[in-house]
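Undergrad: Here is a sequence with its predicted model. Questions after.
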Amino acid sequence: MTTANARIDVPKTAKRGEIIDIKTLVAHHMETGFRRTHLGAPIPRDIITTFVCLYNSVEVFRAELHPSISANPYIQFSTVAVESGTLEFRWSGDNGFTAVQTTSINVS
Amino acid sequence: MRSRRNFLAAASGLAAAMMAPVARAQMMRTPLNNMPEAIRKVVGNATVRAGKVRLNMPPLVENGHLVPLKVSVDSPMTEKDHVKAIHVFTERNPMPEMVTVRLGPRAGLAQITTRVRMADTQNVVAIAELSDGTFWSDSAHLIVTLAACLEELA
């Protein structure tokens, strides 16, 4: 299991029903699997394949990533602030890669 | 006596002649991948209509390693009428699939932004899958000067 540098930007507070903007960035080289070394040996694929956002343990957003996604995948999306609680972000991919970030949100 | 107009015409002709090898180089494109098949795998026999979706990408890309991609779909995002998924495909990257996101009424807005690689000058297609089972799409044409994916490691 790899630990990773993952960053998230989520507002700390929100009004109930407000659509909040979420920005996520995770450090990962996203090796495509289509490149070769100068000796011609193929470089095996090593990418993040799945990103999930859980809002109080309920999945609200999921992304399936492919080699076409740039290194250090950046994903920006939105969700409705329904209740106070925690937002959990999970990235997983090749070679057992996982990264988790959590944050709390106060909904009034 | 040579007029300015004649000179300009000659100069542009010369420029065109110099561009010709460049044009030939651009003919050496990366091959088309099987994008239509990848799209068919997602949409099945449903027809994909143009509209509702807006795919925002820069028309001219200097660095194919990091290209902003934004997809937004006109949808009220309610329980009855929402976007279930957004699929993005490319024509000339080694694989046609770029990204698939799954969302629902709790997203509030059907809008995502990410950054992608572009291996060549090509079209990108975004397809939205709605809760009523219809598919809508938008496409963008990008000119890429520095390609991603295909270079060798030093």
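TA: Structure's in. What do you need? Residues are numbered from 1 along each chain as shown, chains lettered A, B, ... in the order given.

Undergrad: What is the neighbour count of residue 101?
TA: Using chain A. Applying other C-beta atoms under 10 Å in any protein chain shown, we find 18 residues neighbouring residue A:101. (C-beta placed from N, C-alpha, C; glycine too.)

Undergrad: right idea, wrong chain: chain B
TA: 23.

Undergrad: Was I right to think residue B:101 contacts residue B:111?
TA: No: Residue B:101 lies out of contact with residue B:111 (C-beta atoms under 8 Å); the separation is 10.1 Å.

Undergrad: what residues do these two have in common as contacts?
TA: Common contacts of residue B:101 and residue B:111, defined by C-beta atoms under 8 Å, 6 or more residues apart in numbering or on different chains, comprise residue A:77.

Undergrad: ok, residue A:39 to residue A:45 distance?
TA: Using C-beta to C-beta, to the nearest Å, we find residue A:39 at a distance of 18 Å from residue A:45.

Undergrad: And the two? Which one has more around it.
TA: Set residue A:39 next to residue A:45 and count neighbours by other C-beta under 10 Å: residue A:45 wins out with 16 against 7.

Undergrad: Retrieve the pLDDT associated with the more buried one.
TA: Looking at residue A:45, its pLDDT reads 94.

Undergrad: Give me the neighbour count for residue 46.
TA: No chain specified, so I'll use chain A. The number of residues packed near residue A:46 is 16, by other C-beta under 10 Å.

Undergrad: Let me rephrase: I mean chain B.
TA: With other C-beta under 10 Å as criterion, residue B:46 counts 12.

Undergrad: any idea how far it lies from chain A?
TA: Between residue B:46 and chain A the computed distance is 20 Å (C-beta to the nearest C-beta, to the nearest Å).

Undergrad: tell me the contacts of the closest residue to that residue other than its chain neighbours?
TA: Among residues not flanking residue B:46 along the chain, residue B:135 sits closest, at 5.3 Å (C-beta to C-beta, 6 or more residues apart in numbering or on different chains). Listed by C-beta under 8 Å, 6+ apart, the contact set of residue B:135 reads B:43, B:46, B:47, B:48, B:49, B:127, B:128, B:129.

Undergrad: Go again with 7 Å.
TA: Contact analysis of residue B:135 by C-beta atoms under 7 Å, 6 or more residues apart in numbering or on different chains lists B:43, B:46, B:48, B:127, B:128, B:129.

Undergrad: Likewise for residue A:28?
TA: A:4, A:48, A:71, A:72, A:73.

Undergrad: State the pair within the contacts of residue B:135 that is farthest apart.
TA: B:46 and B:128 (12.0 Å; C-beta to C-beta).

Undergrad: returning to that earlier point: please pick the buried ones from the contacts of residue B:135.
TA: For the contacts of residue B:135, a neighbour count by 16 or more other C-beta atoms under 10 Å in any protein chain shown gives the buried set as B:43, B:48, B:127, B:128, B:129.

Undergrad: Looking at chain A, which residue is nearest chain B?
TA: residue A:19 (3.5 Å; C-beta to the nearest C-beta).

Undergrad: Name the nearest residue to that residue, sequence neighbours excluded.
TA: Closest to residue A:19 by C-beta to C-beta, 6+ apart is residue B:108, at 3.5 Å.

Undergrad: Hmm, residue A:80 and that neighbour touching each other?
TA: Yes: shown here, residue B:108 and residue A:80 form a contact pair, counting by C-beta atoms under 7 Å, at 4.2 Å.
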